[in-house]
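K.L.:
pasting the sequence and the predicted coordinates here, then a few questions.
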Amino acid sequence: MKKILIVDDKSSISMLLVQFLKERFKLETKSDGLEALAWLQQGNIPDLIITDLQMPNMDGIGLINSLKESGYFKHIPIIVLSSKDSSADRIQCLKLGAEDYMIKPFNPEELQLRIDKILNR
């Protein structure tokens, strides 16, 4: 079973994602980029990361930068799930190495399709 790391400071979003994805994936949730990095550095390697942008301690941009600069984690695909709807934010995340960018509120079925497409490459 593939493993997905969900990084979002809003527990309502994390729980919604867990409810929707738990049948098909092993899921781990963290509330910010620092927690996510600490979990990864303990030897946990997910098949995919879903992250918000606006979080305390370390935001999504910081997390993407840290992952993509790391030789060990840079191969992990990232989907950004954010309420930030500007083209500049989407372009920045994609340039930094995110695979995809979705706007909240989102359609869980569309997210599922995007996850499947990335994991089936």
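P.N.:
Perfect, I can see it now. Numbering: from 1, shown residues only.

K.L.:
tell me, what residue is most central in the protein?
P.N.:
The centroid of the chain falls nearest to residue 50 when counting by C-alpha atoms, centre = their mean (1.6 Å).

K.L.:
and that residue, how far is that from residue 66?
P.N.:
Shown here: residue 50 relative to residue 66, a distance of 16 Å by C-beta to C-beta, to the nearest Å. Every residue, glycine included, has its C-beta placed from N, CA and C.

K.L.:
just residue 28 next, same as before
P.N.:
Distance from residue 28 to residue 66, by C-beta to C-beta: 17 Å.

K.L.:
could you export stretch 86-105 as CSV, CA atoms only?
P.N.:
The C-alpha coordinates for stretch 86-105 follow below in CSV (Å, rounded to 0.1, in the frame of the first residue of the first chain):
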residue,chain,number,x,y,z
SER,A,86,-2.6,33.4,-7.6
SER,A,87,-0.8,32.4,-10.8
ALA,A,88,2.4,33.6,-9.2
ASP,A,89,2.1,31.1,-6.3
ARG,A,90,1.3,28.2,-8.7
ILE,A,91,4.3,29.1,-10.9
GLN,A,92,6.6,29.4,-7.9
CYS,A,93,5.6,26.0,-6.6
LEU,A,94,5.9,24.3,-9.9
LYS,A,95,9.3,25.9,-10.6
LEU,A,96,10.5,24.7,-7.2
GLY,A,97,9.6,21.2,-8.1
ALA,A,98,6.0,20.5,-7.1
GLU,A,99,4.3,18.1,-9.4
ASP,A,100,0.9,19.7,-9.1
TYR,A,101,-1.1,22.5,-7.5
MET,A,102,-4.7,22.4,-6.5
ILE,A,103,-6.9,25.2,-5.1
LYS,A,104,-9.0,24.8,-1.9
PRO,A,105,-11.9,24.1,-1.8
